[in-house]
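Colleague: Got a sequence here, can you build the structure:
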Amino acid sequence: MKRQVMTKTQLGAQLGMAWLLSCCLVAVSWADQKDLDAEVERYAKVFSGAGFGAKKQALHDLTWAGISDPRVYDPIEAQLLAGYQITDKDKTQVEQLSYLAKGLALSGNSKYKAPLDKVLAETPSKKLKKHVTTGLQRLPDYEKWNPIISANLDQAAPGRLGQARALNMLDSDVPELFRAGAKIVRKYFIDDDEMIAAVNASLLKNYQRNLDNKAQVDGVNHLIRTLGESGKSEYRVTLDNVSLSSNKKIAKYALKYAGYL
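Modeller: Below is the predicted model:
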C-alpha cells in the first residue's frame, strides 16, 4: 500500500481539529456532582469496613483517580496508626499495612506526611519501613498530579469520569501522567470512538516532544499501538507521519502498527 504522508499544512489542520474535538469531549454533557460524591462515598465505605481484598482493589483504582478527599484516606490513616507496631514475623499484617502506607500517598495531601513519618520512625518492621519510605517519596508527586487528573471532572459526561481523567492525563505536560493516560485508554477505551479521536490528536501533539524522556516515549508508543489496534483505517495517515520520527523506537512502532490499518 502506498504510504500517505501529510503536508505540514494538512498535518497542522488535522492536529488542530482533532485536538479541539478531544478538548471538547468532557463538556458534551454535564455530570451531576452526585456522581463524584457517590464515588468518594464508595471508596470511604470500602476503607472503613471491607476486607483487605476489596481495599487492595480500591487502592489500585485510586492510583490514577485524582482523589484527595480525606473521607477516603482518613480510614486508611487510622488503620495504619492502629497496627504499625508489628514485626516482620506478622507477614500478612505487614503486607496489608504496606499497601495502606503506599495508598495513603495517593491522596497527595500533605497532612498525611506526619503519620507516615511517625510509622517510619517507630515501626519495628523493616519491610513496612521500606514501603512507608516509598509512600513518602510518592506523596509530593500526587500533590502535583491529583489536581491535573481531577480537573473539571464535574463537567464530564454522565458515566464518563474515567474517560475524562484519561483525557486530562493525555493533555498533561507531565510525562508520567501522559504515559498513564495512554495506557488507560488502550486498556479500557479502545472501542470508544471519541477516545480514539483524542488518542490521534494527542499522538500528533506529542510524538516529537521530550524524546529524551522514557516515560514520554513509552506514552507515545502506547498511543501508536492503540491507533493500530483500533482498526480505524482513517488514522493510517497519522501513523505514516509518525513513522518519520527521529526517535528510532517511535518510528519502528509507528511503521509496525500502520501495517495493522
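
Colleague: which ones are touching residue 138?
Modeller: Applying CB atoms under 8 Å, 6 or more residues apart in numbering, we find residue 138 in contact with 102, 105, 106. All C-beta spots, glycine's among them, are computed from the backbone N, C-alpha and C.

Colleague: out of these, who has the most neighbours?
Modeller: Counting neighbours by other CB atoms under 10 Å, the top entry in the contacts of residue 138 is residue 106, with 26 neighbours.

Colleague: per-residue confidence for that one?
Modeller: For residue 106, the model assigns a pLDDT of 98.

Colleague: Point out the ones among the contacts of residue 138 that are inside helices.
Modeller: Counting by DSSP state H, the contacts of residue 138 place 102, 105 in helices.

Colleague: Distance to residue 116 added to the contacts of residue 138, as CSV?
Modeller: Formatted as CSV, these follow (distance: CB to CB, whole Å):
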residue, distance to residue 116
102, 10
105, 8
106, 12
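
Colleague: Tell me the one of the contacts of residue 138 nearest residue 163?
Modeller: Of all the contacts of residue 138, residue 106 has the smallest distance to residue 163: 20.3 Å, by CB to CB.

Colleague: I am assuming that closest one contacts residue 63, so please confirm or correct that.
Modeller: Yes: judged on CB atoms under 8 Å, residue 106 makes contact with residue 63 at a distance of 6.3 Å.

Colleague: secondary structure class for residue 151?
Modeller: Under DSSP: H, G, I helix; E, B strand; the rest coil, the three-state class of residue 151 is coil.

Colleague: wait, doesn't it sit right on residue 169?
Modeller: No: with contact defined as CB under 8 Å, residue 151 does not reach residue 169; the gap is 10.1 Å.

Colleague: Can you tell me the element residue 260 falls in?
Modeller: For residue 260, there is no enclosing helix or strand under DSSP states H and E.

Colleague: neighbours around the residue nearest to it when sequence neighbours are not counted, how many?
Modeller: Using CB to CB, 6 or more residues apart in numbering and skipping residues adjacent in sequence, the residue nearest residue 260 is residue 228, 4.0 Å away. For residue 228, the number of neighbouring residues by other CB under 10 Å comes to 20.

Colleague: What of residue 141?
Modeller: Other residues close to residue 141 by other CB under 10 Å number 15.

Colleague: Contact partners for it?
Modeller: 108, 176.

Colleague: List the buried residues for whichever strand or helix holds it?
Modeller: Taking DSSP H and E as the definition, one finds residue 141 inside helix 126-149. Judged by neighbour count using 16 or more other CB atoms under 10 Å, the buried positions of helix 126-149 are 127-129, 131-132, 135-136, 138-139, 142-143, 145-146, 148-149.

Colleague: what's downstream of it, the next helix or strand?
Modeller: helix 161-170.

Colleague: contacts for that next one?
Modeller: The contact list for helix 161-170 (CB under 8 Å, 6+ apart) reads 22-23, 25-26, 31, 35-36, 39, 64-66, 148-153, 155-157, 177-178, 180-182, 184-185, 188-189, 192, 194-195, 198-199, 202.

Colleague: and the angle for the helix holding residue 141 with helix 161-170?
Modeller: The directions of helix 126-149 and helix 161-170 differ by 90 degrees, with axes from the mean of the first three to the mean of the last three CA atoms, to 10 degrees as the criterion.

Colleague: And helix 126-149, how far out from the chain middle?
Modeller: Chain-centre distance of helix 126-149: 15 Å, with CA atoms, centre = their mean, to the nearest Å.

Colleague: any idea of the mean pLDDT in it?
Modeller: Here helix 126-149 scores 98 as its mean pLDDT.

Colleague: Can I get that helix in CSV, CA atoms only?
Modeller: Extracted in CSV, the C-alpha atoms of helix 126-149 (Å, rounded to 0.1, in the frame of the first residue of the first chain):
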residue,chain,number,x,y,z
LYS,A,126,11.8,-3.3,58.2
LYS,A,127,9.5,-4.2,55.4
LEU,A,128,6.9,-1.7,56.5
LYS,A,129,9.6,1.0,56.8
LYS,A,130,10.6,0.3,53.2
HIS,A,131,7.0,0.8,51.9
VAL,A,132,6.4,3.8,54.1
THR,A,133,9.5,5.4,52.6
THR,A,134,8.1,4.7,49.1
GLY,A,135,4.8,6.4,50.2
LEU,A,136,6.7,9.4,51.5
GLN,A,137,8.5,9.7,48.2
ARG,A,138,5.3,9.5,46.2
LEU,A,139,3.3,11.9,48.3
PRO,A,140,4.7,15.1,46.7
ASP,A,141,4.2,13.7,43.2
TYR,A,142,0.5,13.1,43.8
GLU,A,143,0.2,16.5,45.4
LYS,A,144,1.0,17.8,41.9
TRP,A,145,-0.7,15.2,39.9
ASN,A,146,-4.1,14.9,41.5
PRO,A,147,-5.3,18.4,40.5
ILE,A,148,-4.4,17.7,36.9
ILE,A,149,-6.1,14.3,36.8
